[in-house]
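In: Sequence first, then the predicted structure:
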Amino acid sequence: MRALVVGGSGSGKSAYAERLVARLSPHRTYVATMRDDGPEASERILRHRSQRAGLGFITVECPDSLMAACQGSTDGVVLVDDLGNLVANALFAPDGTMADAQTVLERLLREIDTLSQSYQHVVLVGNEVGAEGRYPYAETNAWVRVIGALNCRIAASFDEVTEVVSGIACPVKGVLA
Amino acid sequence: MILVVGGLASGKRSYVRSLGYDDEQMGSNVWDGNPVLVELEELLRTGPLDDAAFAHVASRDVVCCCEVGMGVVPMDAGERIWRERVGRTCGKLASEATRVVRMVCGIPTIIKDGDIA
């Protein structure tokens, strides 16, 4: 089963995705996407790790590419949290330069395909960030557009799409929708 | 008229294409004569639609508008007035629309169809 979970900041999308993963398989891989680029990030990473402690996850750090997570057991489930970090890390280099948006989009879609072939179940946590329309910054708009396009392309091929609103899972596509 | 709302890059134009319209039939001016109006939110930058313009917009086959107003209230007063205007205009159009579609991840979610709303 392949599921995409989207929602705004603090909507409860990660918690819902973790509950979904727990139902799918006891063999759980967690793909962490944050780039450890300073004390604030390090602190967040540690907090997330302690939140996941006891949930039975093997954690793979993949801030730049999903390929490191593509050697998993085929009977297991993989959780990627979240796509927004992956897009930001792929789009914006630490030196301040920006990559080509289309290239980033196609690469991430290919990596998601490879990931889908490596695991029985895939759960991706995406982001709903287009809701404020355009932003006054070209970089932000590029990020929003890649995330939007990624959501559309993933949703077209995945089995289930869920939007989490105030902690409530609203079915958009799949058996519940 | 079908009103299509959704965030930036949420798949609004793809949905309109699935209805049978091509890109040449989509325009972003009130009076351009195209069956599909896109980027309504940008039309509202300079001010609200007057009655004649609103009636003309509402007579289109399809109107697409970026859903705004769900994020942080902008610091800039002009931006605040604009997003309020976009929301109010969409509400008025939705009340006249035969169908209202909200795009989520490229998937149309029908939030109004016919008289059932």
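Out: The structure has been received and is ready for your questions.

In: where do the strands sit along chain A?
Out: Ranges of strands in chain A, per DSSP state E, are A:2-7, A:28-32, A:57-61, A:77-81, A:121-125, A:160-165, A:168-173.

In: Show me how far the first one is from its chain's centre.
Out: Looking back up the chat, that one is strand A:2-7. Offset of strand A:2-7 from its chain centre (CA atoms, centre = their mean, to the nearest Å): 8 Å.

In: Checking the residue of chain B positioned farthest from its centre next. Helix, strand or coil?
Out: Farthest-out residue of chain B from its mean C-alpha position, per CA atoms, centre = their mean: B:Met75, at 24.1 Å. Per DSSP: H, G, I helix; E, B strand; the rest coil, the local secondary structure of B:Met75 is coil.

In: So what touches the helix or strand of chain A with the lowest mean pLDDT?
Out: Lowest on mean pLDDT, DSSP states H and E among the helices and strands of chain A sits helix A:39-52, with a mean of 85. If you take CB atoms under 8 Å, 6 or more residues apart in numbering or on different chains as the criterion, helix A:39-52 is touched by A:18, A:30, A:32, A:34-36, A:59. In this view, the C-beta of every residue, glycine as well, is placed from N, C-alpha and C.

In: ok, now stretch A:62-81?
Out: With contact meaning CB under 8 Å, 6+ apart, stretch A:62-81 is reached by A:14, A:17-18, A:21, A:24-25, A:27-36, A:57, A:60-61, A:85-86, A:89-90, A:108, A:111-112, A:114-115, A:117-125.

In: Quick check: which of those residues are also close to chain B?
Out: Contacts with chain B within the contacts of stretch A:62-81, counted by CB under 8 Å from any CB of the partner chain: none were found.

In: Buried ones from these, can you make that a ChimeraX selection?
Out: Typed into ChimeraX, the line below selects the buried ones among the contacts of stretch A:62-81, using 16 or more other CB atoms under 10 Å in any protein chain shown:
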select /A:14,17,18,21,24,25,27,28,29,30,31,32,33,34,35,57,60,85,86,89,90,108,111,112,115,118,119,120,121,122,123,124,125
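
In: Report pLDDT for residue 35.
Out: Answering for chain A, as no chain was given. On pLDDT, A:Arg35 comes in at 90.

In: wait, I meant chain B there
Out: Listed pLDDT for B:Pro35 reads 98.
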